[in-house]
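Trainee: Generate a structure from the sequence data that follows.
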Amino acid sequence: SKRKEYDAALSYFHKNLELEPKISIPTLTATNLGNIGNIYMGLSDFHNASSYFHQAIEIAEENNLKYPLAVNCVNLGSLYHMTDDLDQAEYFYNKAMSIQKEIGYILDQASCMKSLATVYLKQDKPVEALSMIKAALELAEPIDSKITCAEILLAEAEILFVLEKYDEQIDVLMNCLKTADENDYKYLKENTLKSLVKVLRRKGNYKEALDYFMMLNDLRIDMLNEQRTQAIMEIKAKIEFQKKEHEAEIYRLKNVDLEEKNQQITRQKELLEQAESELIEWNKKLESRVQDEIEKRQQQERIILQKSKMEALGRLAAGIAHEINQPLGMINLGIQNMFNKVRMNKLTPEYSKEREVYFRENIERIKRIIEHVRLFSRDSKADTIDLFNVKDVINSSLLLIEVQCGNHRISIKRDFDDTPVKILGNKYRFEQVLLNLLTNAKDALEEKADEEPKEIIIHTVCSDNSVIITVEDNGIGIPAGLSEKIFEPFFTTKDENKGTGLGLSICYGIVQEMGGRIYCQSEPNQFTKMIMEFEIGNKGAK
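Mentor: Numbers count the residues shown, from 1 in each chain. As a prediction, the model looks like this:
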């Protein structure tokens, strides 16, 4: 596990080295080289460690980088110290100490002096070692770095042991132990207790040595427990890290899948855009064709409506002719009377005046009929929508059919609400609806026996918001089950020579166009009611 951590750190620092030529920061390069050297030293690969430390020193010297130079000199000193190349260790410690003194790094200088003292001790120079360690302590104490001072004291204790100054050593170790307890420096306390046990045994104080050994044992148990706890926490952290890495990998794979799907979506989008472009072009052509078809359909509807009007007029021609012939006959008779008065020399101004008024009234009646037929029969393409009086249109319709009904002994009864009612629409189309309904009622009554009474009743009933108009006859009625079909195009119960089946479908369309509704109530051999319902005023507009 530790090897993996070192390998990961090496990989990281080597990547930094690869990037450094691009940014060219000598301090960073020297630092990275020193870090790599320290990792190799931790792996006991002293050859590689030495190589990287020397490279770091070379760069630091070329660029006059004092601090990285001092650090890597200390690193090399430690490496040579570990490999017992004491002369080289002494050289690099001295070099580092000189630079540290120059740049004013007092604590680093004191630590370096402590390391140099241990080299002297290994070289069997305990006196020089003690002198160096005293000098190190003098540098460190004013700065009040407890851990540095304690480590120097611990090194001094080892030198005193070699010099067999046991009492002085014990005093130094007690100071170390106090500092370790006060600051919870466990590793310092462990080394101090080991030294105390060693010196007390040397002095023959076995009981006291045993007490300190028990303290050392308890400390080691505590430290072991802490290590175990730390190890457990590290394992948990690694498990959590691996879990997150696994989740990240799943997320990455999902992202890859999503990217592929996005690419597919992009391709589909491009195809859809192309299809949409083609569809828009096709729609433009289709709109043109649809518009042509709509215009053709509207033209056909106008033709059908016009044909329906002309058919209605054709069927009502006899009644219209009678309506015109009657005032013409009265005019003819009046003229003959005037001629007779002239021959008899009895024509007076008063009589002439009376005849003039009479002639004008009948001529106006003829003009009204002709004008009404002309307006009704014209093409409705340019007809306007307006408010019109329902009763006036009903009376105009009756003007064209009432005489024919009378000729067939059919009475027409008006049952109008007293309230004047106006609805919104085209009054000539509405009149066409009424004429169709009245003609159908007349045809139904003609099939009834002559001796039975024949009657058409027109009702108007008003409420606050609507008007209901009913055309009712007591004719043969509509066969059961056919009332729902009578508004379908080309459906008819009449003979071929009496109808095409378009009349009621046209009526349905006109009423719907005016915002109303039309429906039928009928009992065979009893009656038929055609009922129309419209909103009053502008509410019927569409």
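Trainee: just the helices in the stretch 401-542 of the chain please.
Mentor: For the stretch 401-542 of the chain, helices defined by DSSP state H, counting those that start in this stretch occupy the ranges 427-446, 503-513.
Trainee: Please identify the most buried of those.
Mentor: Burial of the helices of the stretch 401-542 of the chain is given as mean neighbour count (mean count of other CB atoms under 10 Å); helix 427-446 ranks first at a mean of 23. For the C-beta atoms, the positions are set from N, CA and C on the backbone; glycine is no exception.
Trainee: Now do that helix against helix 503-513, angle only.
Mentor: Orientation of helix 427-446 against helix 503-513 (axes from the mean of the first three to the mean of the last three CA atoms, to 10 degrees) gives an angle of 140 degrees.
Trainee: Helix 427-446 - contacts with which helices or strands?
Mentor: helix 206-315, helix 349-377, strand 386-389, helix 390-407, strand 455-462, strand 466-473, helix 503-513, strand 527-535 (3 or more CB pairs under 8 Å, 6 or more residues apart in numbering; DSSP states H and E).
Trainee: re the thing from before, of the helices of the stretch 401-542 of the chain, which approaches K165 most closely?
Mentor: When those are compared by CB to CB, helix 503-513 sits nearest K165, at 124.5 Å.
Trainee: got the angle between that closest one and strand 527-535?
Mentor: Taking the same axes, to 10 degrees, one finds helix 503-513 and strand 527-535 inclined to each other by 20 degrees.
Trainee: For helix 503-513, what does the pLDDT average out to?
Mentor: The average pLDDT within helix 503-513 is 85.
Trainee: residues of the helix or strand in which E128 is found that come out buried?
Mentor: Using DSSP states H and E, E128 falls within helix 126-140. Buried residues in helix 126-140, counted by 16 or more other CB atoms under 10 Å: 126, 128-130, 132-133, 135-137, 139-140.
Trainee: Next: stretch 183-198.
Mentor: Residues of stretch 183-198 classed as buried by neighbour count (16+ other CB under 10 Å): 185, 188-198.
Trainee: Show residues contacting that stretch.
Mentor: Under the contact criterion CB atoms under 8 Å, 6 or more residues apart in numbering, stretch 183-198 has outside partners 146-147, 150-151, 154, 157-158, 161, 169-170, 173, 176-177, 179-181, 209, 212-213, 215-216, 219-220, 222-223, 226.
Trainee: any idea how far it is from the chain center?
Mentor: Offset of stretch 183-198 from its chain centre (CA atoms, centre = their mean, to the nearest Å): 67 Å.
Trainee: which of the buried residues of stretch 183-198 lies closest to N389?
Mentor: Minimum distance to N389 across the buried residues of stretch 183-198 is 113.9 Å, recorded for Y185 (CB to CB).
Trainee: what about stretch 337-351, start to end distance?
Mentor: Stretch 337-351 has an end-to-end distance of 10 Å (criterion: CA to CA, to the nearest Å).
Trainee: Give me the residues contacting it.
Mentor: Counting by CB under 8 Å, 6+ apart, 352, 355 sit against stretch 337-351.
Trainee: how does it look with 6 Å?
Mentor: With contacts defined as CB atoms under 6 Å, 6 or more residues apart in numbering, stretch 337-351 is touched by R355.
Trainee: Tell me the buried residues in it?
Mentor: Under the neighbour-count criterion of 16+ other CB under 10 Å, stretch 337-351 has 338, 347 buried.
Trainee: What average pLDDT does it get?
Mentor: The average pLDDT within stretch 337-351 is 83.
Trainee: hang on, isn't L434 packed against S397?
Mentor: Yes. Counting by CB atoms under 6 Å, L434 touches S397, with 4.1 Å between them.
Trainee: Could you export the buried residues of helix 126-140 as a markdown table, including distance to L271 and pLDDT?
Mentor: Listed next are those as a markdown table, based on distance: CB to CB, whole Å; pLDDT from 0 to 100:
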| residue | distance to L271 | pLDDT |
| --- | --- | --- |
| P126 | 90 | 93 |
| E128 | 88 | 94 |
| A129 | 86 | 92 |
| L130 | 89 | 93 |
| M132 | 84 | 93 |
| I133 | 84 | 92 |
| A135 | 85 | 92 |
| A136 | 81 | 91 |
| L137 | 83 | 89 |
| L139 | 80 | 89 |
| A140 | 78 | 87 |
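Trainee: Report the distance from the helix or strand harbouring A180 to the chain centre.
Mentor: A180 belongs to helix 166-183 when assigned by DSSP H and E. In terms of CA atoms, centre = their mean, the gap separating the centre of helix 166-183 from the centre of its chain is 72 Å.
Trainee: returning to that earlier point: who touches the helix holding E128?
Mentor: With CB under 6 Å, 6+ apart as the test, helix 126-140 has contacts from 106, 110, 113-114, 116-117, 120-121, 148-149, 152, 155-156, 159, 162-163.
Trainee: now the angle between helix 166-183 and it, please.
Mentor: Using the same axes, to 10 degrees: helix 126-140 against helix 166-183 is 30 degrees.
Trainee: From the rest of the structure, what touches stretch 213-227?
Mentor: Stretch 213-227 is contacted from outside by 186, 190, 193, 197, using CB under 6 Å, 6+ apart.
Trainee: circling back: mind putting the helices and strands packed on helix 427-446 into a markdown table with distance to I59?
Mentor: As requested, those are exported to a markdown table (distance: least, CB to CB, whole Å):
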| stretch | distance to I59 |
| --- | --- |
| helix 206-315 | 35 |
| helix 349-377 | 111 |
| strand 386-389 | 102 |
| helix 390-407 | 110 |
| strand 455-462 | 109 |
| strand 466-473 | 102 |
| helix 503-513 | 97 |
| strand 527-535 | 98 |
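Trainee: Among these, which comes closest to K485?
Mentor: helix 503-513 (9.7 Å).
Trainee: tell me the angle of the closest one relative to helix 206-315?
Mentor: Using the same axes, to 10 degrees: helix 503-513 against helix 206-315 is 130 degrees.
Trainee: what packs against helix 503-513?
Mentor: helix 427-446 (3 or more CB pairs under 6 Å, 6 or more residues apart in numbering; DSSP states H and E).
Trainee: Touching the helix it packs on from outside, list them.
Mentor: Against helix 427-446 from outside (CB under 6 Å, 6+ apart): 309, 312, 376, 388, 393, 396-397, 401, 405, 408, 410, 454, 456, 471, 473, 475-476, 503, 507, 510, 530.
Trainee: Can you show me the CA trace of that helix as CSV?
Mentor: Extracted as CSV, the C-alpha positions of helix 427-446 are listed here (Å, rounded to 0.1, in the frame of the first residue of the first chain):
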residue,chain,number,x,y,z
LYS,A,427,-81.6,37.9,-44.2
TYR,A,428,-81.9,36.5,-47.8
ARG,A,429,-80.2,33.3,-46.7
PHE,A,430,-82.5,33.2,-43.7
GLU,A,431,-85.5,33.7,-46.0
GLN,A,432,-84.2,30.8,-48.1
VAL,A,433,-84.3,28.6,-45.0
LEU,A,434,-87.9,29.7,-44.2
LEU,A,435,-89.0,29.1,-47.8
ASN,A,436,-87.5,25.6,-47.8
LEU,A,437,-89.3,24.8,-44.5
LEU,A,438,-92.6,26.3,-45.7
THR,A,439,-92.4,24.5,-49.0
ASN,A,440,-91.7,21.2,-47.2
ALA,A,441,-94.7,21.9,-45.0
LYS,A,442,-96.9,22.6,-48.0
ASP,A,443,-95.7,19.4,-49.8
ALA,A,444,-96.5,17.4,-46.6
LEU,A,445,-100.0,18.9,-46.4
GLU,A,446,-100.7,18.3,-50.1
